[in-house]
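Generate a structure from the sequence data that follows.
(chains A and B)
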Amino acid sequence: KNEVEQSPQNLTAQEGEFITINCSYSVGISALHWLQQHPGGGIVSLFMLSSGKKKHGRLIATINIQEKHSSLHITASHPRDSAVYICAVTLRGAQKLVFGQGTRLTINP
Amino acid sequence: KAGVTQTPRYLIKTRGQQVTLSCSPISGHRSVSWYQQTPGQGLQFLFEYFSETQRNKGNFPGRFSGRQFSNSRSEMNVSTLELGDSALYLCASSLALFRADHEQYFGPGTRLTVT
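The predicted structure follows:
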């Protein structure tokens, strides 16, 4: 079983819809990261959080440490949000990132 | 400020050959981490270099190695290439040695195809 599990693996929605991507982990962590990867490969760090909630524009990330769960929300989704979203965690006591398998999001106009 | 750059962007090699990939971090960043991304395994940590020393290593065979120069530029080498080494290789830089609260900045990646 992977230490980091994301759901869904694939998500297709219409422009304007509210999007939720989930991430669950089974180990103790120091921080959780949400990354965005566009076709072509480049990765951008969206959020880094260890508690609570962070918001940046139309993106919101939340984490529940007790339940070992995080969600990434996109409000008023747009075709340019189409990308792979990857959840990654820093294992407590380790100095490296462990990644989920990613969620491929497609927003249709 | 220029971002993380990786060269070459695309590479085709034959099984059994060796390959060297290069990563130039953001100016002022001293830590460089390398990752492998494949459709089957996703993203996996290879190793991290800081101050010209390997500080952390993932679960990869000894055919995968790297080094870092005094200007923080890093190279990754894979010897005796196998078909399964076909992947996108990403490097990421950060200001200091990896910490949970340090943001990493990723390069565009080098897509390696082994035939």
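
contacting residues for residue A:45?
The contact partners of residue A:45, by CB atoms under 8 Å, 6 or more residues apart in numbering or on different chains, come to A:33-35, B:103-106. From N, CA and C alone the C-beta is placed, and that goes for glycine too.

what about 10 Å?
A:33-36, A:86, A:88, B:92, B:103-106 (CB atoms under 10 Å, 6 or more residues apart in numbering or on different chains).

what pLDDT does it get?
The model reports residue A:45 with a pLDDT of 91.

For it, which residues count as its bridge partners?
Going by DSSP bridges, residue A:45 is paired in beta bridges with residue A:35.

Could you do residue A:24 as well?
Beta-bridge pairing of residue A:24 under DSSP bridges involves residue A:5, residue A:69.

Can you tell me how far the residue nearest the centre of chain B is from residue B:70?
When CA atoms, centre = their mean is applied to chain B, the residue found nearest the centroid is residue B:34 (3.1 Å). Relative to residue B:70, residue B:34 is positioned 18 Å away (CB to CB, to the nearest Å).

The residue of chain A found nearest chain B - how many residues pack around it?
Among the residues of chain A, residue A:30 lies closest to chain B, at 3.4 Å counting by CB to the nearest CB. For residue A:30, the neighbour count with other CB atoms under 10 Å in any protein chain shown is 15.

Hmm, it is touching residue A:92, no?
Yes. The pair residue A:30 and residue A:92 qualifies as a contact (CB atoms under 10 Å) at a distance of 5.1 Å.

Leaving out chain neighbours, which residue sits closest to residue 58?
The chain I'm using is chain A. residue A:75 (4.8 Å; CB to CB, 6 or more residues apart in numbering or on different chains).

Sorry, I should have been clearer: chain B.
Leaving aside its chain neighbours, residue B:58 sits nearest to residue B:45 (4.1 Å; criterion: CB to CB, 6+ apart).

quick one: contacts for residue A:73?
Taking CB under 10 Å, 6+ apart, we find residue A:73 in contact with A:18-21, A:53, A:55, A:58-62.

again with residue B:85
Applying CB under 10 Å, 6+ apart, one finds that residue B:85 lies in contact with B:13, B:15, B:19, B:36, B:38, B:60, B:63-64, B:78, B:112-114.

which of those residues has the most neighbours?
Most crowded among these, counting by other CB under 10 Å, is residue B:78 at 25 neighbours.

follow-up on the earlier one: pLDDT-wise, what's the bottom of the contacts of residue A:45?
Within the contacts of residue A:45, residue B:103 has the lowest pLDDT, namely 80.

State the distance from it to residue A:13.
Distance, residue B:103 to residue A:13, using CB to CB: 28 Å.

Surely residue A:87 and residue A:31 touch.
No. The criterion here is CB under 10 Å, and residue A:87 misses it with residue A:31 at 11.5 Å.

Compare those two (neighbour count), which wins?
In this view residue A:87 and residue A:31 are compared by other CB under 10 Å, and residue A:87 has more residues nearby, 27 against 20.

residues near residue 10, how many?
In the absence of a named chain, this looks at chain A. Using other CB under 10 Å, residue A:10 has 10 neighbouring residues.

Hmm, no, I was thinking of chain B.
The burial count assigned to residue B:10 is 9, neighbours taken as other CB under 10 Å.

Also residue A:89?
Residue A:89: 26 surrounding residues under other CB under 10 Å.
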